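Visitor: Structure, please.
(chains A and B)
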There are 2 protein chains.
Amino acid sequence: MSITAIALTIATILAGVVNGKSEYIAYNTTAGIVPEKINVHLIPHSHDDVGWLKTVDQYYVGANNSIRGACVQNVLDSVISALFEDKNRKFIYVEMAFFQRWWRQQSKAMKVKVKGLVDSGQLEFINGGMCMHDEASPHYIDMIDQTTLGHWFIKDSFGKLPRVGWQIDPFGHSAVQAYLLGAELGFDSLYFARIDYQDRAKRLKEKNLEVVWRGSKSLGSSSQIFTGIFPRHYDPPDGFTFEINDVSPPIQDDVLLFDYNVEERVNDFVAAALAQANVTRTNHIMWLMGTDFRYQYANSWFRQMDKFIHYVNKDGRVNALYSTPSIYTDAKNAANEEWPLKTEDFFPYADHPNAYWTGYFTSRPALKGYVRMMSGYYLAARQLEFLKGKSSSGPNTNALADALAIAQHHDAVSGTERQHVAADYALRISIGYTEAEKLVASSLAFLTASRSSVGQEKAVANFQQCPLLNISYCPPSEAVSFDGKSLVVVIYNPLGWKREEVVRIPVSSEKVIVKDSGGRTVESQLLPLSNATLRIRNRYVKAYLGKAPSETLKYWLAFSASVPPLGFSTYTVSIAKPTGPSSTISMVYTSEDSTSNSIEVGQGNLRLLYSADEGKLTHYVNNRNKVTASTEQSYSYYSGNDGTDKDPQASGAYVFRPNDTFSINSESQVQLTIVRGPLLDEVHQQLSPWISQIRDFRTDWDLQVNQPVAGNYYPVNLGIYVQDDNAELSLLVDRSVGGSSLVDGQIELMLHRRLLHDDVRGVGEVLNETVCVQNECEGLTIQGKFYLRIDHLGEGANWRRSVGQEIYSPLLLAFTEQDGDNWMNSHVSTFSGIDSFYNLPSNIAIITLQTGEDKDYSVLTSVELKKLFPNKKISKVTEMNLSANQERATMEKKRLAWKVEGSAEEETKVVRGGPVDPATLVVELAPMEIRTFFIDFDRIKIIIGYLAI
Amino acid sequence: MSITAIALTIATILAGVVNGKSEYIAYNTTAGIVPEKINVHLIPHSHDDVGWLKTVDQYYVGANNSIRGACVQNVLDSVISALFEDKNRKFIYVEMAFFQRWWRQQSKAMKVKVKGLVDSGQLEFINGGMCMHDEASPHYIDMIDQTTLGHWFIKDSFGKLPRVGWQIDPFGHSAVQAYLLGAELGFDSLYFARIDYQDRAKRLKEKNLEVVWRGSKSLGSSSQIFTGIFPRHYDPPDGFTFEINDVSPPIQDDVLLFDYNVEERVNDFVAAALAQANVTRTNHIMWLMGTDFRYQYANSWFRQMDKFIHYVNKDGRVNALYSTPSIYTDAKNAANEEWPLKTEDFFPYADHPNAYWTGYFTSRPALKGYVRMMSGYYLAARQLEFLKGKSSSGPNTNALADALAIAQHHDAVSGTERQHVAADYALRISIGYTEAEKLVASSLAFLTASRSSVGQEKAVANFQQCPLLNISYCPPSEAVSFDGKSLVVVIYNPLGWKREEVVRIPVSSEKVIVKDSGGRTVESQLLPLSNATLRIRNRYVKAYLGKAPSETLKYWLAFSASVPPLGFSTYTVSIAKPTGPSSTISMVYTSEDSTSNSIEVGQGNLRLLYSADEGKLTHYVNNRNKVTASTEQSYSYYSGNDGTDKDPQASGAYVFRPNDTFSINSESQVQLTIVRGPLLDEVHQQLSPWISQIRDFRTDWDLQVNQPVAGNYYPVNLGIYVQDDNAELSLLVDRSVGGSSLVDGQIELMLHRRLLHDDVRGVGEVLNETVCVQNECEGLTIQGKFYLRIDHLGEGANWRRSVGQEIYSPLLLAFTEQDGDNWMNSHVSTFSGIDSFYNLPSNIAIITLQTGEDKDYSVLTSVELKKLFPNKKISKVTEMNLSANQERATMEKKRLAWKVEGSAEEETKVVRGGPVDPATLVVELAPMEIRTFFIDFDRIKIIIGYLAI
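Guide: Predicted coordinates:
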C-alpha cells in the first residue's frame, strides 16, 4: 500500500534540492566589521565554573560525569584544534585555573602553536583571573590576588594583558568590580548578565543596557569602565546553540541531502539580530556563542558559525563576524556615542519577584569564614616569606595562593556549590595552609635565630601553630606544665602599625605565669571554658581529626601583648611557682545571682549593661568618646519557604525566601553567665541547646513585589553601619554575611543558613551542612565574631577601618618550647620588618570601600618607602596597574575615552596621589586609592600594593 | 568551624600525588601483539544506524537532536582528526551510506590525507555495505546489492577490500550471512552481538562464542566463515565508555591534580580483561570501544585509550593494543586452534524469557512490501538500462539503488524505525523509483522504436507505468475508451525464461477488446471491483495523491499474456465494436445463492472447494499432479501484551508477546462472493469491516520459557512449506513476514501488526500505522498476495523456486496510447534480450536458500553466455567474488584456513561449478551456488550474477 509516490510531499521537501553534485564548500569566514550594517559579533566562549556541582579537577578531567557531563580538557583540546583549522575563527578563554592545568600538560610543540593563536588574536584571554570571582563574599584583596595570579600567568606565558572584564555569571555586581577590578586593572570594558529583572526590563526599554559605570564617586571618571549588560543570559539566541546533541537545527546546505534549510536559517539569524539591535545602541550587537561548559567538541559550534557567517553575509541584510569582547568594545568606543552613567552596586539580584539571590550572602558561613581567615593568614605568610627571602626549594605560599584564588569563584566562597565541592575547596586551602604553615614556622625560626646562629643551621626553633584555635584546640599551649618546660609564644603582627591586644590561648593548668621578652611578668587572666565551648571542642576535634583531644582543657589564658609593625614580640608561659605571682582566675556570676536588675560588664572605657531578668543587652557606654546608647539585641530565625504555595520558589542556597516577612524571635528570659577579670569581662548566653551566643537557624524572607524590604538585603563583606541624627552604630564581621537594616537604627545580620529545599538555580542539592562523628551527624555549628561600636555621628569610620584591618589580619601566634628560661637570651625576641621608629599611617592598608569618607582619614596620606625597607637599597620604583601586569603610565595612555550622557555638568575634581619622587621615594595616597609598585632592590624585585581609605 | 585541617582525608586523597611538576606525557601507544600475554584488542568503532529514530540525513548532519543527540558528521570529522594526531590509533568504519556523504563534502587535500589513513591501516572499512542490513526481511539480492554498492565505493575511492563482516546489531542472523554475505564476499570473519540469551549463556560457559559457521550444508567448508559472537553487547566493558559526558572514570594521571587514579584504573582494566579471557579461546580478546553514534568527539575516547595502552602495558599483566577486527581475526587464525562448528541460522533472537524479537518479522508490512516490490522493479530497470546502454546524462537507476540499499538497514525494512523515518525510506525509494520509471520508459521507447526511427529521435513513445496498480489505480488504462484511442500495453519479462501469465489492469469501460501484436484477439475477462477494493482505492489515492481518482472504475480487465525471456510483448486494449467480440464479464454469485453445500472455484487443473455455510476453504484439488487435500483456512489475531503483568515486557515493534499463547479466531459464518469467468475465478470474503481476505489485527504470542513454541516463529523471507508423509504445503509471500508451523500440517503467517505499547528496545514509539485523509486517520490497510500450492512430498521445490522468482520479478507493464491500429506496424512489438531460441534453465536466477534441494533442480546446471548476449562479442570472462570487488581466484588464494572440531570425520564432498572454458563460455552452477562474472565485450564491461538453486 505504501507504494506511495508521495508526490506532493516530495515537491515540498525537495524544494531546496538543485541538480548537480555537491562538493566541498569553502566557507568564507573572513568577515570584519562593516560600518553601515548591523554587525553581529559572534563571541565563541565557554563558561567554565571553577568548581560547582563538581570539583575543579573533576570538571577539568571530566570525572564524576554522573553529576554533570562536563570536561574542560575537552573544551580546550577541541577549541585549539578548531582554531588551527581556520585562522578566522576566534575564541575567548576566561578561567586561568583551567587554562593553566591544560597548558602545563601540553607538549612544547603545541605550546608554540598555541602562542601563535594568542599572538594572532584567535585565542584571547578575557577577565584572566584564576576564576570568575563572586562579588559579594570575597575580600577585595582576594579578588585582586586571584586576578593577579591569572594575569601573571598570562603575562609570563604569552606576554599578553587581558583587556576586558567578564563577570557573566556572578549573582549581582559590586562597584568594586568597576573600580578596582576594572579601571585599576586597565580593563577597557566589563560585561555581565545578571541584574535585577526589573532593572533589566527598564534598561531594555530605554536602550540602557550599556553604560559607563563609575565605581567610586570620589575617584570619579578615573574609576569608571564601559559596562555591557547582556539583553538576556550569557547564552546564544534561541535556536543557535550547537553543542553536541543540542537541539538547534544545524544549517543543512548539502543539496544532495534532505532538509536543505539555508534560507530558513539565515532568516532566523537576521530576525534574531534585528530584535537585539532594537534594544542596543550603535549598530554593534554581541552574540554569546556558548554557555556553561560548552565547546566540548568545538567543531560542532564552529562548523555552524562558519556557515552562518558565509550565508548570512551572502544574504547581506546584516553582517556576521567572528569577534571578541575586545573587538566589540573597540567598535562601541569608535561609535563615539554618549552612554548612560551608572553608579553604585548592582545588588541585590533578583531574577523573579520571589527570587532575590540574597541567601548566598550567608550560605556556608564556615567556608566563608575559613576563606577569610586563610586570606589573612596568606597575607602574613607572604610578608614572612619576603622577610626571610623566598626560597625555590623550601615551603612556600604558592599552594595557598592557588587554593584561595580558586575559592573566590562565584560558586565557591559564595556557598552555592555542592557539599563535596565545598569540602574540596576547604581541602585545597588546608593543603595550602599546611605548606604555608611550614613556611611561616621556618621564617619565624630564621628571624628568631640569634645572629650568631644564622648560617650555622643549628638550634633552629620548631614552631607550631594552632589553626583550630577557634574551637579551643591548641596542643602546644595545652601542654604547658609538663616536665618543667615553658611555652614560647611568638606573636607576629602583619600590620604596619604597632598593636596592643589581648591574646587568648587554651591551657590545661590553673597556675600559670606569662612573661615578656624582658622577663617581666605580664598580667594575665584565666577564663573558664563554658560547657558549650567544651562540647564543640570535643565533638569537632573528633570529627575533623578522628580522635578526641588528649588534654583536658580548663581555661582560656588571656594576656595583653604588644607587637611592633610588621614584626613580632615573644612571650613565655610557664607554670607559676606555688607562692609566686600567677594568672588571675576569673570570677563567674549568673544573672540569677544579681541583686540589681542591671548587670554591668566591661573593662576600661567600654561598658555594656544587661538586664538581669530578660538577659538582654540594654545599654552601651563608651566613656572615652562620651557615647551612651540604649541598645537591644535579639536572635531570631526565618523559616524557609518550601515552594508549595502558588509560586513554587523555595528558599535555597542562592535564594532567600522566608515563609513570612518577619523573623521569628527566640524565647525571651535567658540566663546570663558573667565572667569577670582584670583583662576581660565575658557574657555567655545559652539561648537554646543549639544557640550559644551564636545560633543556627532556618531561614528566608519574602521579597514581595513593591515591598521596599526586597532591596534591603546586601552583602556585608567587611562590616555595616547605621546612623541617626546623633550616633552611628558600626558592626564588623569576621567573614562575609548577608545583612540589612530593615528598621531605622537596627542592624540585622544573617548568621547561618540551614535549608530543606533546593531553590532550583542549578546546584540541585539541599544546603544542609552537618558534621558527623562516626555516623552520627548534626547540623554544623558556626563560631564567629562580630565587633560592635557606637560612635558620634561621622566618627565611626576611623574605628571601622583600623579595626576592620585588624580583624582581617589578626596577630599570628607561633609556639615552641624552651628548657628553662634561656630562649630570650639565645634568640631574637622582638623584630620589626620596617624602620623601628616608623609606623605606617593608621589609614594605610585599611580599606572598606563603604561609601562615605572619615573626616580624619579622607585626606591625602603618604608612605615613606625608604622606611618600609630600612635595610635595602631601592634602585627603582615603577608604578603598576592593580594586577601588576603593566606599567600604570602605559595603562593610562591606552585608556579608552567614553562620553557620558550629561556628564559635562558634574565631573567632580578627582584627588589622586601624584608621581613618586625618585629621590624621596614618598608615595602619596588619596582616599579610596590603591597603588601598586614594582620596587627594584639590588637583586630582588617585589610588588607591594598600598591601600588607602 | 571548617578551619578543619582535614588531615586524615588529605592523607587518603593525595596518596597518588608525588612531588615534582607534571609536564607533558608522551603516551606510548605503539603496542602490537605480545604472543605470551592476554592481548586486549581495543576496537574503536561507532555503530551508526542508517536511520532509526531519525532519518539517515538527520543522523548525518545532527538535525532533530531533540529526538536523539546524534551527528555522524561529528563522528567522522573528529575521528579523522584524532587519527591524524597519533599514527598508532585505529578506527573502523562500517556504514558507507554515511561515509559517502562525508567523503563527498571533503576538500581534495583532506581526501589525500584520509587516503593515507586508509593505506596505513589506521582507518579500516569493515563490513563496507551501505548499511548494516537486517537479516530477516531483505531479499538476498538486496543484501548483495547494498553490500556491492558500498564495496565498489570503497574500491573506487580507496582501492581497498573489506575483510570482515560486522553485523553487530541485527536481531538474529541468517545462514545466508555466513555463506553469501560472508564466504562468497571473501570475508575472513564475521562478528555480531545478538544471539538468544540461553544460547549465549551456554556458549559462554563452554567457550563456544567463537565458531566456524557453515552457511550451506551442500557447499560445506567453502561456505563457512570464522564467526565471533561478543560475550555481551557491542559496547565496552562496564566503566570503559568515554563518550563526552559518559560516566566512566577517566584516567587521571596528572600528579598535580586531585584524584590520581592510574593504579585503580589499570586494575579495573586487568580485571575486566581476565574476566573476558576466561570465556574466550586463545589469548586474544576484543573490546568493542564504542557503541551507537559514539565518537562524536573522538578525542574523548582516544585520550583515554592512549592512557590505558600506556599504563596497562607499563603494568604488564596484560597487553593492550589498538586493533581492528582484521588484526584480531589474523591473531585468532594464527593461534591454530580448533573451533566449534555451527550450522543453521541464529533465529529467532530472544534477549529475555518473554522477549522474542519475532514481531519485527512482520512489523510495517507496507514498507516491507514496497521495498520488495521496488527491489524487483530495480532488477528489471537495471536490465533495461543495460539493454539500452547506460547513459551518463539521462535518467538512471542510481537513486533507486541507493534508496533500496539504505532501506535494507536493520531498522528500515525490519519495521523497527520511527514512523517519520519509515516515511523517509519510502520517500527515498519513491524518488528513486520516479527516476527509474523514466529510465524504464525511455528504454522501452528505445527498444520499441522501429529500426528506421532509431537515431532519428522522433516518434518516441511516451510510456506510463502504474506504481499504484496494487490499489487498482492506473490512469492510462482507466482512460481507455476516450476519443477513439487505444491503449498499448508493453509487457516486459525480467526473467530468463518465457512466461505465460494472466495480466490484470483496471478499466472504466465494460466493452473492451484485447489484441496481441499480431492483431489477434486475445481472450479477456472483466471482473467487477468489490466495494472493499473501491473503498481502498478511493481513500488511499486521496491520502497519497491529495485528490480523488478522476475515473469511475468498474472492472479489472484480465487477459493472458505471453512474454519472451528478458524481453517484451505488446498488447492493445480498445473499445470493442458494438457488435464485435469483447471481454467476457464475470458472473458473480454469493454463497447464499448456492444450492450445494460445497462451492467449487478454479480454472484448468486447479480447483478449490469452499463450504457454503461456513465460508471456508475445505479442499484443494490439482488434477495435473493428482493432488487432493482437505484444507482449512482461518484468520485470527493475537492480542498484544501490554506489559502490565509481572513481567513488564510489552509487545512492540521488535518483540512479539501476546496475551495468550493461542490466537483468537474471528467469527465463523462468513458470506462468500464468487466471481467466475473464462480466465479466472475469484472468491471474496468480508470477514469484518476491516478484513477483506486480508486482515488487520493486533498481535502477539507469549513465548514462555520451556515452551517449544518459542523457537518456532521465523522470518518467512520468500516462502514457507510444511510436509507430512505424503504431501507438502507450500506458501510463497510477496514480502517478508513472520511465520511458523505450530501444529503439524499447519502454516501460520503473521500478516500485519498494530500495537498500542512500546516494547522498550529503543524505538520509543508505538507501532500504530495509520493513513489519514485530511485529519481523519484510520489503521493502515495492507493488500498482499500469498501463493498456495500442495504437492506430493518432495515435489514442491520446483514450484516454489520458479514461482518465487516470478513473484519477485513480476511482468512489468508500460502503457501508451495509439491512434487507430498503427502501433504494431511502426514499432518493435516483441523483443528478447537473449538469443531468441534460448531460455535460461528454469532453475537459474531462482534461489530460496531454504534448506533441502529439489530432486530435479539440485544438479549441476549450465548457462551458455554466448546465447545470453547474442549480438555482442565477448572478449573476456572473469569470475569475481559476490560483491565483485575482487577476482574470485585471488579471493580463494587469500582465504584463511580454520580448523573445525571433529571435522575430519564428516566433510562431505562439495559440488561447485568448474572454471569457465574460454572457448565455449559455458558457466556451470551447482545447487545453492551463486557465481559472479565480469564480462568484457568490445567496449563495455558488465557484471552478471548467476543464481542457482
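
Visitor: Tell me which stretches of the stretch 351-500 of chain A form helices.
Guide: For the stretch 351-500 of chain A, the helices defined by DSSP state H, counting those that start in this stretch cover A:365-388, A:398-407, A:419-448, A:475-478.

Visitor: And the closest residue to A:L321 other than its chain neighbours, how far from chain B?
Guide: Using CB to CB, 6 or more residues apart in numbering or on different chains and skipping the chain neighbours, the partner closest in space to A:L321 is A:A31 (4.2 Å). C-beta: built from backbone N, CA, C; applies to glycine. According to CB to the nearest CB, to the nearest Å, A:A31 stands 21 Å off from chain B.

Visitor: which element is A:A31 on?
Guide: In the assignment (DSSP states H and E), A:A31 maps to no helix and no strand.

Visitor: Give me the pLDDT value at it.
Guide: Model confidence at A:A31, expressed as pLDDT, equals 97.

Visitor: Distance check, it against A:F84.
Guide: 20 Å (CB to CB, to the nearest Å).

Visitor: residues in the stretch 501-650 of chain A within reach of chain B, list them.
Guide: For the stretch 501-650 of chain A, the residues in contact with chain B (CB under 8 Å from any CB of the partner chain) are A:536, A:540, A:544-546.

Visitor: one more time with 10 Å
Guide: A:536, A:540, A:543-547 (CB under 10 Å from any CB of the partner chain).

Visitor: Show me these that map onto helices.
Guide: Secondary structure from DSSP state H places A:536, A:540, A:543-545 of these in helices.

Visitor: Most widely separated two among those?
Guide: Farthest pair in these (CB to CB) is A:I536 and A:L545. Separation: 13.8 Å.

Visitor: So for those two, which residues contact both of them?
Guide: Shared contacts of A:I536 and A:L545 (CB atoms under 10 Å, 6 or more residues apart in numbering or on different chains): A:Y473.

Visitor: burial measure for A:N208, as a count.
Guide: 18 (other CB atoms under 10 Å in any protein chain shown).

Visitor: quick one: it and A:I229, what's the gap?
Guide: Taken as CB to CB, the span from A:N208 to A:I229 is 9 Å.

Visitor: Pull up the overlap in contacts between these two.
Guide: Listed contacts common to A:N208 and A:I229 are A:199-200, A:342; contacts here mean CB under 10 Å, 6+ apart.

Visitor: Please name whichever of these scores lowest on pLDDT.
Guide: The model is least sure about A:D199 among those, giving it 90.

Visitor: I figured A:W556 was touching A:Q525, is that so?
Guide: Yes - using CB atoms under 10 Å, A:W556 is in contact with A:Q525, at 8.5 Å.

Visitor: List the residues that are in contact with both of those two.
Guide: Contacts common to A:W556 and A:Q525, judged by CB under 10 Å, 6+ apart, are A:504, A:586, A:675, A:680.

Visitor: need the next SSE after the helix or strand of chain A with the lowest mean pLDDT, C-terminal direction.
Guide: The least trusted helix or strand in chain A, going by mean pLDDT, DSSP states H and E, turns out to be helix A:7-13, with a mean of 29. Toward the C-terminus, helix A:7-13 is succeeded by strand A:39-44 as the next helix or strand (DSSP H and E).

Visitor: Dump the C-alpha coordinates for the helix or strand following that next one into PDB.
Guide: Note on strand A:39-44: by DSSP H and E, the next helix or strand toward the C-terminus is helix A:56-61. C-alpha atoms of helix A:56-61 as PDB (Å, rounded to 0.1, in the frame of the first residue of the first chain):
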ATOM      1  CA  VAL A  56      37.600  22.000  39.700                       C
ATOM      2  CA  ASP A  57      39.700  18.900  38.900                       C
ATOM      3  CA  GLN A  58      36.600  16.800  38.200                       C
ATOM      4  CA  TYR A  59      35.400  19.500  35.800                       C
ATOM      5  CA  TYR A  60      38.800  19.600  34.200                       C
ATOM      6  CA  VAL A  61      39.300  15.900  33.500                       C
END
